[in-house]
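Asker: Structure for the following, please:
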Amino acid sequence: MKPFSVFFLLICAASFLHSHDSSAGTKVWLIESRPNKTVAVKGDLSTGFEINDLSWAWNSSVACFPATQQKKFTGKHVLYKTNIPPHAEMTVTVVPDDKGANFSLYGYQVGAGKSVVVPDLTTCITCEADHKWDYPKVGKKQDHTRTIEFNAITESYTIYIGVTGADGLKSGGYTLKVSLNTGDAGTGEQKPLKIYGAKAQKGKIISYSGDLKDGVPVNDLSWASKSSVACFPGTQNEKFRGNHIIYVTELPAQSKMTITVIPQNVNDNMSIYAYTTAVGNKAMVPDLNSCVECEAEHKWDYPKRGKTQDHTRSVYLESMDNPYRVVIGVAGAKGVFSGKFILKIAVE
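Answerer: Sure thing, here's the model as predicted:
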């Protein structure tokens, strides 16, 4: 999630409203999220309520956290709700005032305008939770803060957020931060893409040289997270915020294609994506609504067991009985607008 240029600090009692939803008038504080900004609210667990029955959380149609972790959510709960618009990503973080306080955080996504408050939650679109780990995780560190993330593709949703304590914690001040990233869609005119034709031949590897300085950014990346494209999730948009150069080639029937980008400078953070369409289909990003297949690779956020990653990126495509048009994008991560590279296209 990219940093936000403006930070709002709102004081709970004076600066935002609360509403009364279901569950016997449970207080739910309303947070008005703001596009490409972070809204922060102060709170204290002492203002919350206890939930005696946590079984909703491990209901298979909710799947928020398992019963084995219920002790992490036995303190008082303070509930909030906000909205996420289409083509957006939301990051929610709770920061306890006391670094030694053991807080937990959860949130669930429901249809826009729908009111459903735990423990009366029987189903939701998704539920996320973060709590103190029982053991270290490879390549990651945890402090006293807790964070969850949500995204919306084509529709708006209501997000309910729960701040609670572990082991029966009933008081403790905190700051809750809600960051909404709506991306760059609609914020500027898309400059013409730099598009090259690229020959591919079965049984051969053909190489092309390029430089990201010749490309342009793709302002609206929402096409990539559409379910009919499924190239990369909105949470990885930062890996594709630099300049893009596009190559168009063809994948013969009954073939496999390996596409690799090799930055000349090993420190240049580049990404790659490629999608297939029917031959003759002219669909081009950012106006891509669907495709046969889309694959992408970018710098990993953390190590993967049994695998290593260098500065190169590769994707793989396959055809069956029909040939496909292939569109390849070489992109820089955020802030990467130049850098020489070699693009290799191998077909077998």
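
Asker: Going by C-alpha atoms from here, please, whenever you check contacts or count neighbours.
Answerer: OK.

Asker: Show me where this protein has its helices.
Answerer: If DSSP state H is used as the criterion, the helices of the chain fall at 12-15, 22-25.

Asker: For the first one, give the mean pLDDT please.
Answerer: For helix 12-15, the mean pLDDT works out to 36.

Asker: Quick check: which ranges of the chain have low pLDDT?
Answerer: 1-25, 183-188 (pLDDT under 70).

Asker: got the domain boundaries for it?
Answerer: Domain assignment for the chain by automatic domain parsing gives 7-181, 195-347.

Asker: closest to Glu189 out of those domains?
Answerer: domain 195-347 (8.1 Å; Cα to Cα).

Asker: hang on, Pro66 packs against Trp58?
Answerer: Yes. Contact status for Pro66 versus Trp58: in contact at 5.0 Å, counting by Cα atoms under 8 Å.

Asker: Tell me which residue is most central in the chain.
Answerer: Thr235 (1.9 Å; Cα atoms, centre = their mean).

Asker: The residue of the chain positioned farthest from its centre and Val39, how far apart?
Answerer: Residue farthest from the centre of the chain, counting by Cα atoms, centre = their mean, is Gly203 at 37.4 Å. Plainly put, Gly203 is 55 Å away from Val39 if you go by Cα to Cα, to the nearest Å.

Asker: next one: Thr93
Answerer: 11 Å.

Asker: Touching both of the two, which residues are there?
Answerer: Common neighbours of Thr93 and Val39 are listed as Lys177, Val178 (criterion: Cα atoms under 8 Å, 6 or more residues apart in numbering).

Asker: so what's Gly113 closest to, chain neighbours aside?
Answerer: Thr158 (6.2 Å; Cα to Cα, 6 or more residues apart in numbering).

Asker: Surely that neighbour is in contact with Ile84?
Answerer: Yes. Between Thr158 and Ile84 there is a contact at 6.4 Å, judged by Cα under 8 Å.

Asker: Neighbour count for the two, which is higher?
Answerer: For Thr158 versus Ile84, the count of surrounding residues by other Cα atoms under 10 Å is larger for Ile84: 26 against 18.

Asker: what's the spacing between that one and Val279?
Answerer: Distance of Ile84 to Val279, given as Cα to Cα: 37 Å.

Asker: What of Val216?
Answerer: Following Cα to Cα, the distance that separates Val216 from Val279 is 26 Å.

Asker: circling back: and the residue nearest to Gly113, how far from Gln109?
Answerer: For Thr158, the distance to Gln109 equals 6 Å [Cα to Cα].

Asker: contacting residues around Lys325?
Answerer: Just to correct that, residue 325 is Arg rather than Lys. Contacts of Arg325 (Cα under 8 Å, 6+ apart): Val248, Thr249, Glu250, Leu251, Thr276, Thr277, Ala278, Val279, Gly280, Asn281.

Asker: Same question for Lys194.
Answerer: Contact partners of Lys194, counting by Cα under 8 Å, 6+ apart, are Asp214, Gly215, Val216, His244, Ile245, Ile246.

Asker: One more pass at 7 Å, please.
Answerer: Residues near Lys194 by Cα atoms under 7 Å, 6 or more residues apart in numbering: Gly215, Ile245, Ile246.

Asker: can I get these in TSV with neighbour count and distance to Val327?
Answerer: Output for those, formatted as TSV (neighbours: other Cα atoms under 10 Å; distance: Cα to Cα, whole Å):
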residue	neighbour count	distance to Val327
Gly215	23	15
Ile245	23	10
Ile246	21	7
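
Asker: can you redo those residues as JSON lines with distance to Thr47?
Answerer: Shown next, in JSON lines, are the contacts of Lys194 (distance: Cα to Cα, whole Å):
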{"residue": "Gly215", "distance to Thr47": "53"}
{"residue": "Ile245", "distance to Thr47": "53"}
{"residue": "Ile246", "distance to Thr47": "54"}
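
Asker: for Ile206, which residues make a bridge with it?
Answerer: In this entry, Ile206 is beta-bridged to Ile345, by DSSP bridges.

Asker: neighbours around it, how many?
Answerer: Neighbours of Ile206 under the rule other Cα under 10 Å: 16.
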